[in-house]
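Chemist: Only the shape, not the letters, is given here:
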């Protein structure tokens, strides 16, 4: 059977100065050294790396990043410099997800403004719905997936909260411990708890709105797990959150936090223990001016239209594909709704207190 190895070559001026650093300080293993009488090349391995230290090598010294859960590694140092000039950064293997403080802003993003679609992971097209990312607190994307099989791999996200809401078409996905293929259609949604392994399989005409908290988060491939997993565990929690597959057609509409609207609850507030709520709202009467007391309030127009009024702002007439963010303590009103208006609302934390204000 053919064997293939790969090495990273780094320069050295004097091996006898570098070897103690790489073997003792970094804990790597010396695998090869030559020539014996006046060594010029040493090969070391460790921490998933194979290094070739070579006198006169033309490369720059470079940087090595070592990720570890041992706080005492290399004496607790976070940054070191090897005798050959290689910089060594030492960081946490599994750092906690940190969400930056929200930079509140009133944001309106309209489809008609021709925000660019960009090609992202697995050939998917992304349209940014909150260019400011609210200071890094959240990313909201309108995503189109090419029809047919999706060139995806089993992966997971290091994230605090993630929503996939289908606004058109359908898509098939496999989820860890959640049985066989799950299909969402327009009006359905998933939440992907932190760390749940999943894989997108196939789609037809699909468009989704994806919410991620924080805005910058890592997607990691799992090369070992096979999906579907052999067991079904619907009540499993990942970092305190349960997987949700909400089917819109089964939803029941009840009075909404805004008078003059009704909404169906996707169950996400309960499944995340209050981290977020996801509601689908529609008009049932005339809405007053209101103020919310949450942190993040994001809304995407799925059907119909309305006028968004905000204190100190010109009114915005909104259509399908438009999105907006309302900061806390800002008075707004949803006026002139069409009869078919349907809004997707995502709030963090879930179910924010809302009060009617006089204007």
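Modeler: Cool, the structure landed. Predicted model only: the values in this text are computed from it and were never measured. Numbers count the residues shown, from 1 in each chain.
Chemist: number of nearby residues for residue 8?
Modeler: Each residue near residue 8 was counted by other CB atoms under 10 Å, and the total is 12. Where C-beta positions appear, they are placed from N, C-alpha and C, glycine not excepted.
Chemist: Can you show me the strands along the stretch 51-200 of the chain?
Modeler: In chain order, the stretch 51-200 of the chain shows strands spanning 63-68, 79-81, 87-92, 107-109, 117-119, 125-128, 139-144, 148-149, 155-158, 161-175, 182-185, 189-191, 198-213, with DSSP state E, counting those that start in this stretch as the criterion.
Chemist: closest to residue 359 out of those strands?
Modeler: Closest to residue 359 of those is strand 107-109 (CB to CB; 19.3 Å).
Chemist: Could you list the paired strands of the closest one along with their orientation?
Modeler: For strand 107-109, the paired strands and their directions (DSSP bridges) read strand 323-325 (antiparallel).
Chemist: tell me which residues in stretch 288-307 are buried?
Modeler: Neighbour-count burial for stretch 288-307, counted by 16 or more other CB atoms under 10 Å, picks out 288-292, 294-304, 306.
Chemist: Sorry, wrong one. I was asking about stretch 209-219.
Modeler: So for stretch 209-219, counting by 16+ other CB under 10 Å, buried means 209-215, 217.
Chemist: Touching stretch 305-325 from outside, list them.
Modeler: With CB atoms under 8 Å, 6 or more residues apart in numbering as the contact definition, stretch 305-325 has outside contacts at 105-112, 129-130, 134, 140, 142, 283, 289, 296-304, 326, 330-338, 341, 359.
Chemist: Quick one: mark the members of the residues you listed that sit in helices.
Modeler: When those are checked against helices (DSSP state H), there are no matches.
Chemist: Can you go through these and name the buried ones?
Modeler: Buried subset of the contacts of stretch 305-325 (neighbour count, 16+ other CB under 10 Å): 106-111, 129-130, 134, 140, 142, 283, 289, 296-304, 326, 330-337, 341.
Chemist: Mark out where each domain of the protein begins and ends.
Modeler: The record's domain parsing of the chain by automatic domain parsing lists 8-91, 107-247, 250-356.
Chemist: Next, format the ones you listed as TSV and append distance to residue 98 and mean pLDDT.
Modeler: Supplementary listing: those in TSV, determined by distance: least, CB to CB, whole Å; pLDDT from 0 to 100:
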stretch	distance to residue 98	mean pLDDT
domain 8-91	14	95
domain 107-247	7	93
domain 250-356	15	97
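Chemist: Now render those domains as TSV, adding distance to residue 100.
Modeler: Rendered in TSV, the data for the domains of the chain read as follows (distance: least, CB to CB, whole Å):
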stretch	distance to residue 100
domain 8-91	19
domain 107-247	4
domain 250-356	12
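Chemist: Out of those domains, which gets nearest to residue 2?
Modeler: domain 8-91 (17.3 Å).
Chemist: Off-centre distance for the closest one?
Modeler: What separates the centre of domain 8-91 from the centre of its chain is 34 Å, taken as CA atoms, centre = their mean, to the nearest Å.
Chemist: How about stretch 226-246?
Modeler: 18 Å.
Chemist: what's the first-to-last distance across stretch 104-119?
Modeler: End-to-end span of stretch 104-119 (CA to CA, to the nearest Å): 28 Å.
Chemist: same deal with stretch 239-249?
Modeler: For stretch 239-249, the first and last residues are 29 Å from each other (CA to CA).
Chemist: Stretch 237-253 too?
Modeler: The first-to-last residue distance of stretch 237-253 comes to 27 Å (CA to CA).
Chemist: follow-up on the earlier one: of the domains of the chain, which is nearest residue 97?
Modeler: Each of the domains of the chain has some distance to residue 97 by CB to CB; the shortest is domain 107-247, at 5.0 Å.
Chemist: Residues in a beta bridge with the residue positioned nearest the centre of the chain, which ones?
Modeler: Relative to the mean C-alpha position of the chain, the nearest C-alpha, by CA atoms, centre = their mean, is the one of residue 212, at 4.3 Å. Listed by DSSP bridges, the beta-bridge partners for residue 212 are residue 139, residue 162.
Chemist: Equivalent analysis for residue 42, please.
Modeler: Beta-bridge partners for residue 42, by DSSP bridges, are residue 33, residue 53.
Chemist: Do I have it right that residue 98 meets residue 216?
Modeler: No: counting by CB atoms under 8 Å, residue 98 sits too far from residue 216 to count as a contact (10.0 Å).
Chemist: And for residue 104, nearest residue in space, chain neighbours not counted?
Modeler: Counting by CB to CB, 6 or more residues apart in numbering, residue 104 lies nearest to residue 327, which is 3.7 Å off, once chain neighbours are set aside.
Chemist: Quick one: residues contacting the one you found.
Modeler: With contacts taken as CB under 8 Å, 6+ apart, residue 327 has the following neighbours: 104-106, 297.
Chemist: same thing but 7 Å
Modeler: 104-106 (CB atoms under 7 Å, 6 or more residues apart in numbering).
Chemist: Was I right to think residue 302 contacts residue 345?
Modeler: No: look at residue 302 against residue 345 with CB atoms under 7 Å: they stay out of range, at 10.5 Å.
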